[in-house]
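In: Quick one, fold the following:
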Amino acid sequence: MNYSEALDWLYSTQFFGIKLGLEGPRRLLREYLAFPPRNTKIIHVAGTNGKGSTCAFIDSVARATGTRTGLFTSPHLIDYPERIRVSGMEIERDEIALHLSSLREMVAQWDPHPTFFEISLALAMKYFSERQCELVILETGMGGRLDATSAIPADIAVLTPIGMDHQEWLGETLTDIAAEKAAIIVPGKNVISSNQLPEADAIIRQIANERRAPLTFVEEPLEGYALGLAGAHQQENAALAVEALHAAGITLNYETVKAGLSSTLWPGRFERVDFSPEEHSSATILDIAHNPAAARALAATWRGEFGRTKANLIFGAVEAKDIEGMLEALAPIAGHLHFAPVNSPRALPPEELAAFLPEKAPAFTIHASLQSALESSTNLPSLITGSAFLIGEVKALHERTAHRITTQ
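Out: Next comes the predicted model:
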């Protein structure tokens, strides 16, 4: 198969849905010889907010030390290769085609058939092994206990802030959700956690104690370093990343930490994009803020960067999200709200989004298309936020490239 045919096949496996459990991923990793070599360190990152940014900081600082890294994240924003990177470089399309061709042949008669996410993980791990990665950073897809990434024995478990997240899969209470995410803790292996809400804190301590895993809470933000990612909350993610690298035995010094943190890039996290002058007359910021905690962090970052200047705010979201909580956090920084459709089967219509607005919200417009929202003339800086699907579509328009969404 060529790259296009390989992706067509991989995307067709979304038909098999999401399957939480480790038996299938373990078999796939075992038979594809994709488990990491013994000398490869594995850092496994779970949580609700900040997973991607924390992974990006870990990867960037490790690379600054000369460590050869593999980074596996999800979902992608524009195109599939974003998910798999070695030393900062996305996997080549020919490599994707080669591995997916082999995997397709191998699993053709399997029942149950591996899922999109499981296949992606096996592809990534085999690629990291072939490229002799010394450190692999794995971001969980969802939860932790039964997430496919947990099939790979980790040396360090990292827990970013945990909140209400994927209740249909992980449970209806914060205690339930924290238990699922903290289950990535490996017996006897180091655990690095951010400050947590009391219910999550208690569960993390219980699981770490039961598994005799050394537990460190990172209680202070990392100060004194310039960060490549904007926002005070990123200082907390950076502190978590540096502590995780220490625990993994990566030798750090001031210069490597400084270089790694300042050069960290992660798309869709208060990302500034420049549209052509005829399209936009002021700054445009992209930020994935798909739950209330992320929206509050975004609002604080906006105030830190723009002061009292309001945003021309474009918002789109999908079902099963706390839209009311997100809009409550975002409405105070908006001069005008624009509700736009999202290119996803789970998208909520813009008119339904508007129904969640709090009292005393700014004026709003309901748009039939994203392009209509983007063309809304304003002298205010623009903030585009909400679903990762929305941010991916905007980035694809900006980069004039195809946008192919995935549900996993």
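
In: And the residue nearest the centre of the chain, which helix or strand is it part of?
Out: Of all residues in the chain, the one closest to the mean position by CA atoms, centre = their mean is G52, 3.8 Å from it. Secondary structure assigned from DSSP states H and E places G52 in helix 51-64.

In: do R303 as well
Out: Of the helices and strands defined by DSSP H and E, R303 is found in helix 292-306.

In: okay, now the domains of this protein?
Out: According to the domain assignment given by automatic domain parsing, the chain is divided into the following structural domains: 3-262, 271-399.

In: Any idea how far apart the tips of the longest one sit?
Out: The straight-line separation of the ends of domain 3-262 (CA to CA, to the nearest Å) is 34 Å.

In: ditto for stretch 319-336
Out: When the termini of stretch 319-336 are compared using CA to CA, they are 23 Å apart.

In: Show me which positions of that stretch end up buried.
Out: Buried residues in stretch 319-336, counting neighbours by 16 or more other CB atoms under 10 Å, are found at 321-323, 325-331, 333-336. Every residue, glycine included, has its C-beta placed from N, CA and C.

In: and the next element down the chain from the lowest-mean-pLDDT helix or strand in the chain?
Out: Taking mean pLDDT, DSSP states H and E as the measure, the helix or strand of the chain with the lowest value is helix 167-170, at a mean of 70. Heading C-terminal from helix 167-170, the first helix or strand you meet, by DSSP H and E, is helix 174-182.

In: picking that back up, now render the domains of the chain as TSV, adding distance to T406.
Out: As requested, the domains of the chain are arranged in TSV below (distance: least, CB to CB, whole Å):
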stretch	distance to T406
domain 3-262	6
domain 271-399	9
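
In: looking at the ones you listed, which has the lowest confidence?
Out: Least confident of the domains of the chain, judged by mean pLDDT, is domain 271-399 with a mean of 91.

In: what distance separates it from the middle of the whole chain?
Out: Distance of domain 271-399 from the chain centroid (CA atoms, centre = their mean, to the nearest Å) equals 18 Å.

In: Kindly report the same for stretch 105-120.
Out: Using CA atoms, centre = their mean, we find the averaged C-alpha position of stretch 105-120 to lie 24 Å away from the chain's own average C-alpha position.

In: circling back: only the buried residues of the helix holding R303, if you could.
Out: P292, A293, A294, A295, R296, A297, L298, A299, T301, W302, F306.

In: Please apply the same query to stretch 112-124.
Out: Along stretch 112-124, these residues count as buried under the neighbour rule (16+ other CB under 10 Å): P114, T115, F116, F117, E118, I119, S120, L121, A122, L123, A124.

In: Check which element follows the helix or strand that contains the fifth one along the chain.
Out: Read that as E118. For E118, the host element (DSSP H and E) is helix 116-130. The C-terminal neighbour of helix 116-130 among helices and strands, as given by DSSP H and E, is strand 135-139.

In: List the neighbouring strands of that following strand plus their orientation.
Out: Strand 135-139 sits in its sheet next to strand 41-46 (parallel), strand 69-72 (parallel), going by DSSP bridges.

In: now the longest one and helix 51-64, what's the angle there?
Out: Angular relation of strand 41-46 and helix 51-64 on a 0 to 180 degree scale: 160 degrees, by axes from the mean of the first three to the mean of the last three CA atoms, to 10 degrees.

In: Report the backbone C-alpha coordinates of strand 41-46 in PDB.
Out: As requested, C-alpha coordinates have been extracted for strand 41-46 and formatted as PDB (Å, rounded to 0.1, in the frame of the first residue of the first chain):
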ATOM      1  CA  LYS A  41      13.400   4.400  29.300                       C
ATOM      2  CA  ILE A  42       9.600   4.900  29.100                       C
ATOM      3  CA  ILE A  43       7.800   7.900  30.600                       C
ATOM      4  CA  HIS A  44       4.000   7.400  30.600                       C
ATOM      5  CA  VAL A  45       1.800  10.500  31.000                       C
ATOM      6  CA  ALA A  46      -1.900  10.500  32.000                       C
END
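
In: Tell me which residues are up against that strand.
Out: Identification of contacts with strand 41-46 by CB atoms under 8 Å, 6 or more residues apart in numbering yields 36, 51, 54-55, 58, 134-140, 143-144, 147, 149-150, 152-160, 181-182, 184, 244-245, 248-250.

In: let's see 7 Å
Out: Around strand 41-46, the neighbours that count as contacts under CB atoms under 7 Å, 6 or more residues apart in numbering are 36, 51, 54-55, 58, 134-140, 144, 149, 152-160, 181, 184, 244, 248.

In: Buried ones among these?
Out: Buried positions within those, assessed by neighbour count (16+ other CB under 10 Å), are 36, 51, 54-55, 58, 134-140, 144, 149, 152, 154-160, 181, 184, 244, 248.

In: contact partners of stretch 121-132?
Out: Taking CB under 7 Å, 6+ apart as the criterion, the residues outside stretch 121-132 that touch it are 25, 28-29, 32-37, 68, 70, 72, 84, 86, 91, 95, 99-100, 103, 136, 148-149, 152.

In: whoops, I mixed them up, stretch 90-108
Out: 1-3, 6, 9-10, 31-32, 80-82, 84, 113-114, 119, 122-123, 126-127.

In: Make a PyMOL selection of the buried ones in the residues you listed.
Out: What follows is the PyMOL syntax for the buried subset of the contacts of stretch 90-108, where burial is set by 16+ other CB under 10 Å:
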select buried, resi 1+3+6+10+32+80+81+82+84+114+119+122+123+126+127
